[in-house]
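1. sequence below, structure please.
(chains A and B)
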Amino acid sequence: MADNTTTPKTVDSLLDTEKTFKERVAYFGRFLWRDRSGVIGLIVFLIVVFAAVFAPMITDQSPLDQDLRSSKMPPAWQEEGDWAHPFGTDSLGKDIFSRVLYGARVSLMVGLFGVLIAGTLGMLIGAIAGYAGGRLDAAIMSGVNLILSLPYLLFVVFIAAVLGRSLLNVILIFGITDAPIFARVTRGEVLRIRESGYVESAVSAGARWPRILFDHILPNLLGPLITLATFEMSRMIFYEAGLGFLGLSVPPNEYPTWGNMLAAGRKYMTSYPWMASFPGLAIMFTSLGMNLLGDWLRDVLDPRMRRSRK
Amino acid sequence: MSENGTLLQVANLRKHFPIIGGMLGRQIGTVKAVDDISFDIQRGETLGMVGESGCGKSTAGRAILQLHKPTAGQVIYDGADLTTMNAEVLRVLRPKMQMIFQDPYATLNPRHPVKKIVGEPLVIHGMMKKGSAELSDRVAELLELVGMDPAYMRRFPHEFSGGQRQRIGIARALSLNPDFIVCDEPISALDVSIQAQVVNLMQDLQEQLGVAYLFIAHDLSMVKHISHRIVVMYLGKVMELAERNTLFDDPLHPYTQSLNSAVPVPDPKTERIRKRFILKGDPPSPANPPSGCVFHTRCPLTVERCIRVEPEFREIQAGHFVTCHLADESGSSKIPEQSDLS
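-> Predicted coordinates:
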């Protein structure tokens, strides 16, 4: 029984208020290291964030400047390539490397703010529906299901066409159209937790509603929602690229996005494949990383999904 | 077995649940989960409550603690009626009445360490500050009381076995020094070997702390072991209420007799020759209870009056209450030995 006093090496230790910050970070690291794909996901995500934030410092090329004299240059490692344009240039002579870096900004902004809006809206709606129950619940959820039954991308394309093209509009579109998914998950979790034994136990101990909400319902709700958020973020990045490809996202002369780079490179695919390949790889890379990260977060944050130690 | 006064009095308690159905969500029926039950609990006493699944035992326990608002009736605790109290006044009384739950895992928040689980009632009632040394000491004391190592207080529920979790649940219920604990099948989710441990622990705690239990279970032998008096429920109603020994040696209600005969005797010879009364069929639905005596559909002694007239819950002998038309001191409600019912 010597190990009675050692701290539990489980996820819940993260939420143990008696832990110091350092202990938590150390614990987090250990847990992350155990799941290698999670490490990869995190690294990929950090690289993308780094690229987006420090784009002007990584390259001195402007993503928007045209230079027709050096158009259609191949990547630097091929013949005729130049390290001034590591990924080559597009048909108008714009530097692809810097466009990929700056493109990460749009993708991340759409993903981050889109999820923030969708998450906040959805959580609010779902929590009200789940907590109130009865007819209000039925009314809210039939509205939510109605939106969910629409073909998602078609719906998004329609709104994008109506609202017009700007970064703000894209964020709003994803924020609003994605809220129903958060609402549904939140409602389900609230229903489950509200009827759980530990909430009843808290009531019988005399707890008032703020304690029940903030101490019992919210912490148990946050895990699944954070996990959902990472998956939805990756999905939004993906769909933003789709919108960009269709020419409905941010206008290409305002800001480079991976989607409109793909669209522009499409017609040169056979002769100048790098124009579409690099933004395509960037989308794949980011999407994969976010999904790995989400998988790992699900394991970490959900006590029921927790893997046993190897 | 000190009987120094009534702690809790349950009078004509009813809990009905509406059945909602149809497109418009109208009420299309009522489940009479608890229908007019009355009994009392003395200080420091264990009142056993037995009955088949779905007979309203758990609902009765929750209605007494006002976790389900009763439909009608009174629950008088220490002279005050809980059913008419507003939520805030009730909250102040909560420390005196606690509950131990059936499923020891579901009732412990998976994200809280043991210390927080056991100490939460104390923090809720402002008796101790969160994170204070005083709280840690009290939690350690409680864990020791239920036979657990105080070092466990930083662990989480999933790190414990079923029996340990139930001890944590008991420690939590005891944290506020209650006078009365509703134990809702506290042992039915546990291994048989652990059941005895937990029951003995509860008995020890009763001796030390003088707490009264309403011990809900469907295991007769366990109830016999721990209870001073026993209530037998069937379809939301009390069938019989008596001292433990009276109930087992001289049961008056045919239902109690049949329950009794279902308990195996730990002696193969006796077991082989004894007569058993096996009830036929399932209990009727509490949404549509039978006329007259609710037990008449399965009772071997049913007479015409049982079908028409609902029997009263009456005292046959001192402290021995029965809900049966036939019950009297001459024993006419006894199922005859040679009756062939199976």
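
2. what about the nearest residue to residue B:162 once chain neighbours are set aside, distance to residue B:142?
-> What sits nearest to residue B:162 in space, not counting adjacent residues and going by C-beta to C-beta, 6 or more residues apart in numbering or on different chains, is residue B:190, at 5.2 Å. For every residue, glycine as well, the C-beta is placed using N, CA and C. For residue B:190, the distance to residue B:142 equals 20 Å [C-beta to C-beta, to the nearest Å].

3. what bridges to residue B:231?
-> Beta bridges link residue B:231 to residue B:49, residue B:241, judged by DSSP bridges.

4. per-residue confidence for it?
-> Per-residue pLDDT puts residue B:231 at 94.

5. give me the number of residues near it?
-> 28 (other C-beta atoms under 10 Å in any protein chain shown).

6. now swap in residue B:177 and tell me
-> For residue B:177, using other C-beta under 10 Å, the count is 12.

7. then residue B:186?
-> Using other C-beta under 10 Å: residue B:186 sits among 28 other residues.

8. more neighbours, residue B:190 and residue B:142?
-> Legend: neighbour count by other C-beta under 10 Å for residue B:190 and residue B:142, higher for residue B:142 (24 against 21).

9. host element of the more buried one?
-> Using DSSP states H and E, residue B:142 maps to helix B:133-145.

10. could you list the low-pLDDT ranges of the stretch 51-200 of chain A?
-> For the stretch 51-200 of chain A, no stretch is flagged by pLDDT under 70.

11. just want the residue of it that's nearest chain B.
-> residue A:197 (3.4 Å; C-beta to the nearest C-beta).

12. that residue touches residue B:101, doesn't it?
-> Yes. The pair residue A:197 / residue B:101 is scored as a contact, 5.7 Å apart, by C-beta atoms under 8 Å.

13. overlap in contacts of these two?
-> Here residue A:197 and residue B:101 have residue B:107 as joint contacts, going by C-beta atoms under 8 Å, 6 or more residues apart in numbering or on different chains.

14. those two: which has the busier surroundings?
-> residue B:101 (26 against 17).

15. residues contacting the more buried one?
-> Neighbours of residue B:101 in contact, by C-beta under 8 Å, 6+ apart: A:197, A:200-201, B:107, B:169, B:184, B:186.

16. quick one, strands of the stretch 51-200 of chain B?
-> For the stretch 51-200 of chain B, applying DSSP state E, counting those that start in this stretch gives strands covering B:72-77, B:80-81, B:97-100, B:180-184.

17. contacting residues around the residue minimising distance to the centre of chain A?
-> Most central in chain A under C-alpha atoms, centre = their mean is residue A:233, positioned 2.1 Å from the mean C-alpha point. Taking C-beta under 8 Å, 6+ apart, we find residue A:233 in contact with A:111-112, A:114-115, A:290.

18. what parts of the stretch 101-250 of chain B come near chain A?
-> B:101, B:103, B:105-111, B:113, B:120-121, B:124-125, B:131, B:149, B:151-152, B:154-156, B:158-159, B:169, B:172, B:176 (C-beta under 8 Å from any C-beta of the partner chain).

19. those residues of the stretch 151-300 of chain A touching chain B, which are they?
-> Going by C-beta under 8 Å from any C-beta, the residues of the stretch 151-300 of chain A near chain B are A:196-198, A:200-208, A:211, A:215-216, A:219-220.

20. phi and psi next, for the residue nearest to residue B:162.
-> phi -110, psi 160 (degrees, to the nearest 10).

21. I figured it was touching residue B:201, is that so?
-> No. Using C-beta under 8 Å, residue B:190 is not in contact with residue B:201, being 11.6 Å away.

22. going along the chain, name the helices of the stretch 201-342 of chain B.
-> B:220-226, B:244-249, B:254-262, B:268-273, B:304-308 (DSSP state H, counting those that start in this stretch).

23. oh, I was asking about the stretch 101-250 of chain A
-> A:134-149, A:152-163, A:167-194, A:197-204, A:209-211, A:218-245.

24. quickly check: stretch B:71-89 near chain A or not.
-> No. With C-beta under 8 Å from any C-beta as the criterion, chain A is not reached by stretch B:71-89; the gap is at least 8.9 Å.
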